[in-house]
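Colleague: I would like the atomic coordinates for the input below:
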Amino acid sequence: MLSKSGLKIGIALPQGFRDGIDLALVREYAMQAEAAGFDDLWTMEQITGRTAFLEPLTLLAYLASITRRVRLGTAVLVTNLRNPIQLAKAVGTVDHLSSGRLTLGVGLGTNTRLYGAYGLPPEHRVARFIESITVMKALWTQESATLEGEYWQLAGVPMEPKPLQKPHPPLWFGAHSEAAQRRAIRQGDGWMGAGSTDLEEFFVEIARVKAMLAEAGRDATTFPLSKRIYLSIDDDEAKAKQRIEQQLGDFYGGVAQAESWALYGPPAKVVETLHRMRDAGLTHAMLHPAPVDLRQMELISTKVAPEL
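Modeller: Residues are numbered from 1 along each chain as shown. Here you go, the predicted structure:
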């Protein structure tokens, strides 16, 4: 653990590449992050697109073989775009390959724009999402899964091996709206705020989640409260801003808003906002540097994390 307060700190992996896949960087980055004491390594989801982007679970399966301690996470898989039976199998496999180090972040995604390409109707996406989670949990926990759903029907369907973690790998829900946050508390094991939301909105969201946890009688100490936090560290603030704008633009396109979504500038400036987030109840920070390289990781581990 890198922080002095107990705040867990994860870091995003190199996953998208402009000039060809740099597997050597991926390998060295993961091994150095583990050696530096980061709690976990994180992937994100982008299946289609013009940028060369590695598939998240496949990447984690590779990293499972070259790391030993650090946890591995997805933030978040858009499960509606995946068959839950095949996804349950892949998740169980990666959990075994990693010796039980997988955290599965799941979410709805922001829109249904790509549903047609996947052969999906745009209607009832919430119901489909909830049922897909139910299907996976049944396959992970029942000897022979039985479920009569609206979208999937299981009649004594076995799946082995079950995940190594029991009852299954932790499910962290990406959730922005009040309804989505309530689903996270009912069905999930943790909450992760999206990177593509205003940093100030985070304080509203985390206060609401904490109130919902208390209302539901859930132990807040066992329910991680996290957020993807884009950041770029450089004493030259203009250079740091340029880097974060380029990264966000590559992934989100013209909707990206570096000014309100990201932290950038000298370490002290970045730490100031992270202190506020920690004090508001953040228990896990998933830091996503720009660029995602060894230098930024070193700055985070030596200049930022020790101040938290």
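Colleague: ok, the strand or helix carrying Arg228: who's next to it in the sheet?
Modeller: Element membership for Arg228 (DSSP states H and E) is strand 225-233. Note on strand 225-233: by DSSP bridges, its sheet partners are strand 190-193 (parallel), strand 262-265 (parallel), strand 284-289 (parallel).
Colleague: Tell me which of those sits nearest to Thr43.
Modeller: Closest to Thr43 of those, according to C-beta to C-beta: strand 284-289, at 10.7 Å. The C-beta positions use only the backbone N, C-alpha and C, and glycine is treated the same way.
Colleague: Now the element after that closest one, going C-ward?
Modeller: helix 294-299.
Colleague: Need the residues that contact that following helix.
Modeller: 11, 25, 28-29, 32-33, 36, 232-233, 267, 289-290 (C-beta atoms under 8 Å, 6 or more residues apart in numbering).
Colleague: Show me what counts as buried in it.
Modeller: 296-297, 299 (16 or more other C-beta atoms under 10 Å).
Colleague: Dump the contacts of helix 294-299 into a markdown table; add pLDDT, distance to Ala75 and neighbour count as well.
Modeller: Formatted as a markdown table, these follow (pLDDT from 0 to 100; distance: C-beta to C-beta, whole Å; neighbours: other C-beta atoms under 10 Å):
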| residue | pLDDT | distance to Ala75 | neighbour count |
| --- | --- | --- | --- |
| Ile11 | 98 | 11 | 26 |
| Leu25 | 98 | 20 | 15 |
| Glu28 | 98 | 22 | 14 |
| Tyr29 | 98 | 17 | 22 |
| Gln32 | 98 | 20 | 14 |
| Ala33 | 98 | 15 | 24 |
| Ala36 | 97 | 20 | 17 |
| Ser232 | 97 | 19 | 26 |
| Ile233 | 98 | 21 | 24 |
| Pro267 | 98 | 24 | 18 |
| Pro289 | 98 | 15 | 22 |
| Ala290 | 96 | 16 | 25 |
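Colleague: quick one, phi psi at the most centrally placed residue in the chain?
Modeller: What sits nearest the mean C-alpha location of the chain, by C-alpha atoms, centre = their mean, is Ala75, with 1.9 Å. Per-residue torsions, Ala75: phi -150, psi 100 (degrees, to the nearest 10).
Colleague: show me what contacts it?
Modeller: Here Ala75 is in contact with 42-44, 105, 172, 174, 192, 228, 286 (criterion: C-beta under 8 Å, 6+ apart).
Colleague: ok, those residues vs Tyr151, which is closest?
Modeller: Relative to Tyr151, the closest of these is Gly174; by C-beta to C-beta it sits at 20.8 Å.
Colleague: Report pLDDT for the closest one.
Modeller: Gly174 carries a pLDDT score of 97 in this model.
Colleague: and what of Tyr252?
Modeller: Per-residue pLDDT puts Tyr252 at 87.
Colleague: ok, it - how many residues close by?
Modeller: For Tyr252, the count of nearby residues is 14 (other C-beta atoms under 10 Å).
Colleague: For it, give its distance to Ser196.
Modeller: 6 Å (C-beta to C-beta, to the nearest Å).
Colleague: follow-up on the earlier one: is it possible to export the contacts of Ala75 to CSV including neighbour count?
Modeller: Formatted as CSV, the contacts of Ala75 follow (neighbours: other C-beta atoms under 10 Å):
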residue, neighbour count
Trp42, 26
Thr43, 24
Met44, 21
Gly105, 26
Trp172, 27
Gly174, 27
Met192, 27
Arg228, 23
Met286, 25
